[in-house]
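J.: only geometry, no sequence info:
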């Protein structure tokens, strides 16, 4: 058999061969038993056109699972390169929240072409879902809700649950919701209620009032609700009170994980969804965009040094310690940034708490500044044999540590209050301020104490 | 009423007053309607002994919810400060996986005192769970499984589901598992199977073979399984095949989120679970531990500059650009670190892929190095009016960018292969290498071209 898995052969090589042979069945047989992340890794190792062929060859259900596993941007790129008909076939296998995420990020033309190939009702759902903001209940919900009318009985629900209908899978984890004639959710029925009632009982007899969220409810609030309540899903209502979908615990957890990972990337200077299978020039350009902003800030900082060239020329030893002071303060400041980002994400601080955060950071900054200042002061003294050099460097580092943690702690809160993304801008802002302040402190102190240093 | 919520009064002030008045009922009435994160934030604002009193005053169920919301280390600290009896009462309200997390991090004496106050069977479960590794199925599972015998019928399950027993809540989202006389799981029954079968039907007639995981199955693998299968929980078996617990999708998602957040913190130099309500000296000491390692690395880098003091003295303009070259390369390297950390967490690269990652990074490094080198070279030339200075600085930055992205991309994979934590050590390793290389490149090039620079 062409596609039999040979433990010794190189799997990547086999995949390449099966793609070249257009043997979709054997390819699926090879990929299916792998964990999805491994199968995806193998496909991302292929050249782009081989990858396209692989996605065209395997069954739509497997292709859909792989798309779902892929980072969002990769998934969008894969779909954009497919024939519209094939794309529609694969997208049809996804849950409607994922469908909307993918379609929402396509070019309008691509999106229209794919939607035209889909079932009209599904396409309408996707268009509707794609219009909601990311990381809100509307953006995270599925359109399919497990709904019943006021006149329905327990038996109707049990028949729905027991049906072989594929759509049933989409209601996974949902409780039956009862909606009135205006589409407003008026009740929810527990599993226990269903099992302890007669089949002929009206749902309205055993229902309780449902907890609903609005389409605009943000991710943070959804996390709060799910951490307090045991529900696996929550009905989502439009501003007019109509039930328009259900947001699941799993979708909320997944969105929170994606957000945390993307913030971690951004804090390190990677804006966007980079993985290394993306085109070289795209990766290069994106990273450069962030770095070029940094060049400008670095030039500003360097101009501080430039202003003190005479001092430097007189006490060349200072040049040895300049990068050290700026780097050490940068590290201290980054620690404060990280703690603020975490407390923001846990809801333990709000933008209005900036003053309280500053007090807390300044306390750490004073202690750590003094400790680090003494350490580096002793090093400078011992190295050059001049206690005043130690004093200059130590005092500058101590003061700049205090500045760095103050800026690092408070800036994320201020950026958040200004509606900016603290993950992207906190680092560069911190760096420019601590570099300029550090250079200025070292060099101006050295100027003032010049007679003692030379 | 003492505890009535006054929209205008300062909530924090009210909480302080209610704690002082020992009015637990009013305090609970004030905290209960708040989102948990807000209630926790308010309590963390209190002085430590007021906070202890607040946790002693409110109902155990509310205290348990707050503990669960708190970062792990805060929760452990709160429990350690409680009377053993009260701690046992609160811990009893938690799911057994969280119980084990908390108990597992307590001092042995505290843990024993609390376990002694708990129901013997529950205490045994907790001891057992606490022994498993974090971020494995064993460490994430709850001990309570919804199990039935081979002789049981559909009716037995329905009676279990319908019972008012509080324990039922603990089985949330679990399917009924059938275990044989040795405790091995031999079947699982679907909801649909239950609803479409007669009450008298044997479970063995409608069960299918269960997918199980071992206690040692790591978090990554659990994420893979849950992303491929719709299950809300998976039965966990010991090495001898006995069913010992159930790991839920929610527990896996939550652990993945915690891991992502803790990695983001560590990449920025915060090791441990810092939030700002922790004692000042603890926060300060922890941050210093990481920073002191950095001081040593910085001194090593500075010694490179020191070795070239003569060159610097001759061309003092070089001092202006030294921090810029090291900072810019550090940023480029951090981008590579971030992408490697992300690809590791997505399972898109493995430690053995180091060479492939290096090729990918080097390609970006060459392009970005040339672009950044030209930019900064032009700046240096224009600033000092000397094209050779521009050449020295630009070439050094270009080469060092290539070094930085190579190190940044590969180091996390190598650390992982060596069993080290890439999040803690990648940054400092990157910094020392790119600083030393950057200083060396600038200064040795400047030395070589000295006649053209002065």
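T.: Structure received. Just so we're clear, the structure is a prediction, and the values are computed from it rather than from any experiment. Numbers count the residues shown, from 1 in each chain, chains lettered A, B, ... in the order given.
J.: Give me the contacts around stretch A:410-417.
T.: The contact list for stretch A:410-417, computed with C-beta atoms under 8 Å, 6 or more residues apart in numbering or on different chains, reads A:337, A:340-341, A:344, A:349-354, A:357-358, A:361, A:421-422, A:425-426, A:429-430. Where you see a C-beta, it was placed from the backbone N, CA and C, and this is true even at glycine.
J.: Go back to these and keep what's next to chain B.
T.: Subset of these in contact with chain B: A:337, A:341, A:349, A:357, A:361, counting by C-beta under 8 Å from any C-beta of the partner chain.
J.: which of those lies closest to residue A:306?
T.: Checking these against residue A:306 with C-beta to C-beta, the nearest one is residue A:337 at 27.8 Å.
J.: so what pLDDT did the closest one get?
T.: Listed pLDDT for residue A:337 reads 96.
J.: and what of the one 10 residues further on?
T.: Model confidence at residue A:347, given as pLDDT, is 87.
J.: cool, and the one 4 residues further on?
T.: Taken from the predicted model, the pLDDT recorded for residue A:351 is 91.
J.: what's the burial count for it?
T.: Using other C-beta atoms under 10 Å in any protein chain shown, the number of residues around residue A:351 comes to 17.
J.: How about it: what's its closest non-neighbour residue?
T.: Nearest residue to residue A:351, sequence neighbours excluded (C-beta to C-beta, 6 or more residues apart in numbering or on different chains): residue A:417, at 3.6 Å.
J.: what's the domain layout of chain A?
T.: Following automatic domain parsing, one finds the domains of chain A at A:11-133, A:147-267, A:280-453.
J.: end-to-end on the longest one?
T.: Using C-alpha to C-alpha, to the nearest Å, the end-to-end distance of domain A:280-453 comes to 50 Å.
J.: do stretch A:102-112 as well
T.: 12 Å.
J.: Now do it, average pLDDT.
T.: For stretch A:102-112, the mean pLDDT works out to 92.
J.: from memory residue A:94 sits against residue A:68, does it?
T.: Yes. Residue A:94 lies in contact with residue A:68 (C-beta atoms under 8 Å); the separation is 6.3 Å.
J.: What helix or strand is the residue nearest the centre of chain A located in?
T.: By C-alpha atoms, centre = their mean, chain A has its centre lying nearest to residue A:259, at 2.4 Å. Assigned by DSSP states H and E, residue A:259 belongs to helix A:249-267.
J.: Quick check: residue A:233 touching residue A:174?
T.: Yes. Using C-beta under 8 Å, residue A:233 is in contact with residue A:174, at 4.9 Å.
J.: which neighbours do those two share?
T.: Contact with both residue A:233 and residue A:174 is made by residues A:246, A:248, according to C-beta under 8 Å, 6+ apart.
J.: the more surrounded of these two?
T.: Counted by other C-beta under 10 Å, residue A:233 and residue A:174 do not tie: residue A:233 has more neighbours, with 24 against 20.
J.: Now do the contacts for the more buried one.
T.: Residue A:233 sits next to A:173-175, A:246-249 when contact means C-beta under 8 Å, 6+ apart.
J.: And it, how close does it get to residue B:146?
T.: The gap separating residue A:233 from residue B:146 is 20 Å, by C-beta to C-beta, to the nearest Å.
J.: got it, and residue A:219?
T.: For residue A:219 relative to residue B:146 (C-beta to C-beta), the value is 31 Å.
J.: tell me what the helix holding residue A:259 is packed against?
T.: helix A:137-140, helix A:219-228, helix A:317-346, helix A:422-448, helix B:249-267, helix B:317-346 (3 or more C-beta pairs under 8 Å, 6 or more residues apart in numbering or on different chains; DSSP states H and E).
J.: so does the shortest one get close to chain B?
T.: So that's helix A:137-140. No. Using C-beta under 8 Å from any C-beta, helix A:137-140 never reaches chain B; the gap is at least 13.6 Å.
J.: any idea of the mean pLDDT for that helix?
T.: Rounded mean pLDDT across helix A:137-140 is 95.
J.: which stretches of the stretch 151-300 of chain A have low pLDDT?
T.: A:164-173 (pLDDT under 70).
J.: if you set the cut-off to 90 instead, what comes out?
T.: Low-confidence segments of the stretch 151-300 of chain A, defined by pLDDT under 90: A:155-176, A:189-199, A:224, A:227-233, A:250, A:271-275, A:277, A:292-294.
J.: how about the helices of it, start to end?
T.: Secondary structure of the stretch 151-300 of chain A (DSSP state H, counting those that start in this stretch): helices at A:154-162, A:167-170, A:191-196, A:203-206, A:219-228, A:249-267, A:280-307.
J.: Buried deepest among the ones you listed, which one?
T.: Mean neighbour count, computed with mean count of other C-beta atoms under 10 Å in any protein chain shown, is highest for helix A:249-267 among the helices of the stretch 151-300 of chain A, reaching a mean of 22.
J.: give the contact list for the nearest residue to residue A:37 once chain neighbours are set aside.
T.: What sits nearest to residue A:37 in space, not counting adjacent residues and going by C-beta to C-beta, 6+ apart, is residue B:347, at 3.2 Å. Counting by C-beta under 8 Å, 6+ apart, residue B:347 touches A:35, A:37-38, A:40-41, B:220, B:224.
J.: closest to residue B:195 among the residues you listed?
T.: residue B:224 (30.3 Å).
J.: Tell me the backbone dihedrals of the nearest residue to the closest one once chain neighbours are set aside, please.
T.: Leaving out its chain neighbours, the residue that sits closest to residue B:224 by C-beta to C-beta, 6+ apart is residue A:35, at 4.1 Å. Torsion angles at residue A:35 (phi, psi; degrees, to the nearest 10) stand at phi -60, psi 150.
J.: picking that back up, of all the helices and strands packed on helix A:249-267, which one is nearest residue B:368?
T.: Nearest of these to residue B:368, taken as C-beta to C-beta: helix B:317-346 at 6.3 Å.
J.: relative to helix A:317-346, how tilted is the closest one?
T.: Here the directions of helix B:317-346 and helix A:317-346 differ by 30 degrees (axes from the mean of the first three to the mean of the last three C-alpha atoms, to 10 degrees).
J.: hmm, the helix or strand following helix B:317-346 in reach of chain A?
T.: Counting by DSSP H and E, the next helix or strand C-terminal to helix B:317-346 is helix B:354-384. Yes. Using C-beta under 8 Å from any C-beta, helix B:354-384 reaches chain A at B:357, B:360-361, B:363-364, B:367-368, B:371-372, B:375-376, B:379, B:383.
J.: which of these tops the neighbour count?
T.: Ranked by neighbour count (other C-beta under 10 Å), those have residue B:364 at the top, with 28 neighbours.
J.: can you pull the contacts of the spatially closest residue to that one that is not a sequence neighbour?
T.: Among residues not flanking residue B:364 along the chain, residue A:284 sits closest, at 5.0 Å (C-beta to C-beta, 6+ apart). Applying C-beta under 8 Å, 6+ apart to residue A:284 gives the contacts B:363-364, B:367-368.
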